[in-house]
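Trainee: coords below, sequence missing:
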Ligand SMILES: [Fe+2]
């Protein structure tokens, strides 16, 4: 596995770049906006291809790099389903897998620091966001934080991982880089409590000042979505209500860009083809399946995904590849459901 721990000095944030070779797919956890140039340079130097940018939760102390990375690399943005961010390409829930080629991280919902906090687990390590820090825990006094839930997330989930599991948090303010579950159990002062009440009491009495960046970072991080209006302005978007007429229409090819897990959970628009977003480019290039389909049958390519973000990028890419009929369903399956569109299994 290729693994890099990256640091932003201003917010003391750790970001993590992960990959495992052959095709070079990579993902980044908790990227910081100001460091995006550095990440892109590193991805290039390591001959990787960034396919997912993931936030463990909505950050209050720095602006996320998710939007900028999406705009510059066309990667998929990923957060938990509880997030208040406006548009995220893919939303995860407890028990999901966060996957790239050759790697699958177990997704565990660990609320408490915020109500959208997730941790990601590999066999030898866990990315804990701000739920569990090295010799500390994330504060629980804003963003729907809840120390009772955090106790359950830490004691009920994270500390149940094997003692040797490496702990990689989203921040460290003292210069530590990594710990283990066993070490934190034994030496984390916040975890030396006898009951949930004692933990709640301890967290209640921290009396921390708000993060300096909070008033800037939280609103910015809630507005990371790709502007789908631009795609609509060019006439490349259909509302979910209008798209309903295309089910069963031989002149249209509905193309689902989501992953298998998303299709299983939310259902499929009847009659659609499945072309996962990471394989889009090869499919729309000359000789690719969608390129052939559009050219030989004159079918209109109608992309869709979960919220319209991947499909908006797909429309742009298909138009760039000369497929002038390409359009997408604005707002994705989320909007489709709200418009009462039919879904199959
Ligand atoms: Fe945080």
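Mentor: Great, that's in hand. Note that the structure is predicted; figures quoted are calculated from it, not measured.
Trainee: okay but residue 289 is in contact with residue 280, surely?
Mentor: No: the pair residue 289 / residue 280 is not scored as a contact, 10.6 Å apart, by CB atoms under 8 Å. All C-beta atoms are positioned from the backbone trio N, CA, C, and that covers glycine.
Trainee: Of the two, which one has the most company?
Mentor: Ranked by neighbour count (other CB atoms under 10 Å), residue 289 and residue 280 place residue 280 first, with 23 against 15.
Trainee: Over to residue 70: give its phi and psi.
Mentor: Phi and psi for residue 70, reported as degrees, to the nearest 10, are phi -60, psi -50.
Trainee: residue contacts, it?
Mentor: Under the criterion of CB atoms under 8 Å, 6 or more residues apart in numbering, the contact partners of residue 70 comprise 53, 76-77, 89, 224, 226, 309, 313.
Trainee: And stretch 172-179, how far out from the chain middle?
Mentor: The chain centre lies 24 Å from the centre of stretch 172-179; the measure is CA atoms, centre = their mean, to the nearest Å.
Trainee: State the helix or strand in which the residue nearest to the spatial centre of the chain lies.
Mentor: Closest residue to the average C-alpha location of the chain: residue 78 at 1.1 Å, with CA atoms, centre = their mean. Under the assignment given by DSSP states H and E, the secondary-structure element containing residue 78 is strand 76-80.
Trainee: So in that sheet, which strands flank that strand, and in what orientation?
Mentor: Partner strands and pairing direction for strand 76-80 (DSSP bridges) are strand 49-54 (parallel), strand 90-92 (parallel).
Trainee: Kindly present those as CSV, with separate columns for distance to residue 318, mean neighbour count and mean pLDDT.
Mentor: Listed next are these as CSV, based on distance: least, CB to CB, whole Å; neighbours: other CB atoms under 10 Å; pLDDT from 0 to 100:
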stretch, distance to residue 318, mean neighbour count, mean pLDDT
strand 49-54, 18, 25, 97
strand 90-92, 20, 23, 95
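Trainee: one step back: who's in contact with the strand holding residue 78?
Mentor: Residues from elsewhere that reach strand 76-80 (CB under 8 Å, 6+ apart): 51-55, 57-58, 66-67, 69-70, 85, 87-93, 98, 107, 109, 116-118, 224, 277-278, 309-310.
Trainee: that older thread, out of the strands paired with strand 76-80, which is closest to residue 338?
Mentor: When those are ranked by distance to residue 338, counting by CB to CB, first place goes to strand 90-92 at 15.5 Å.
Trainee: Enumerate residues external to the closest one that contact any of its residues.
Mentor: Residues lying outside strand 90-92 but in contact with it, judged by CB under 8 Å, 6+ apart, are 52, 76-81, 83, 98, 107, 118, 258-259, 262, 306-307, 310.
Trainee: Could you look up the next helix or strand downstream of that strand?
Mentor: Sequence-wise, the next helix or strand beyond strand 90-92 is strand 97-100, with elements assigned using DSSP H and E.
Trainee: mind listing the helices in the stretch 101-250 of the chain by residue range?
Mentor: Listed in chain order, the helices of the stretch 101-250 of the chain (DSSP state H, counting those that start in this stretch) span residues 147-151, 181-187, 196-204, 214-222, 228-233, 240-243.
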